[in-house]
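K.L.:
can you look at this prediction? I've put the sequence above it.
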Amino acid sequence: MPQAVFLALIDRVAVIRARVFADVVGRVRNLTMRNMELTTFSVEQRVVSYLIALAMARGQLEEGGLLDDAPTHAEIAASIGANREMVSRTMTRLGRKGLVRTARQKIEILDPDALSDLV
């Protein structure tokens, strides 16, 4: 869509203007939160935050919540700005603390409250 047409549409149709602005504001909010996490959270906090968001998105943020077809450690690392080794160590620590249980492409949330306390 040419810029002039888009600007005219935004100017004339209030519903479209409101939706576009709401989308832009949402994106800015998400990027700001992601930037804050990358600059202030430890790798463990970023992994936990990622797991909580994933569990919430799948409706599994509960004791015994199962994340089937879970991302690999490398995929998690790429999403949170870390390396695979640090994610693997963190997942092992979380397992030893009894917060999660992992298996091939599965992550079980064992203690969502304690997990949340780490963030």
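P.N.:
Great, that's in hand.
K.L.:
where do the strands sit along the protein?
P.N.:
Secondary structure of the chain (DSSP state E): strands located at 65-68, 100-103, 106-109.
K.L.:
the ones you listed into CSV, with extra columns for mean pLDDT, mean neighbour count and distance to Glu37?
P.N.:
Bear in mind the C-beta positions are built from the backbone N, C-alpha and C, glycine included. As requested, the strands of the chain are exported to CSV (pLDDT from 0 to 100; neighbours: other C-beta atoms under 10 Å; distance: least, C-beta to C-beta, whole Å):
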stretch, mean pLDDT, mean neighbour count, distance to Glu37
strand 65-68, 95, 16, 20
strand 100-103, 95, 16, 19
strand 106-109, 96, 19, 19
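K.L.:
of these, which is nearest Arg12?
P.N.:
Within the strands of the chain, the stretch nearest Arg12 is strand 65-68; the backing value is 45.2 Å (C-beta to C-beta).
K.L.:
with just CA atoms, put that closest one into PDB.
P.N.:
Presented in PDB, the C-alpha positions along strand 65-68 are these (Å, rounded to 0.1, in the frame of the first residue of the first chain):
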ATOM      1  CA  GLY A  65       1.600 -28.700  33.500                       C
ATOM      2  CA  LEU A  66       3.100 -30.400  30.500                       C
ATOM      3  CA  LEU A  67       4.700 -28.600  27.600                       C
ATOM      4  CA  ASP A  68       4.700 -31.100  24.800                       C
END
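K.L.:
what lies in contact with it?
P.N.:
Leu51, Leu54, Ala55, Arg58, Gln60, Gln105, Lys106, Ile107, Glu108, Ile109, Pro112 (C-beta atoms under 8 Å, 6 or more residues apart in numbering).
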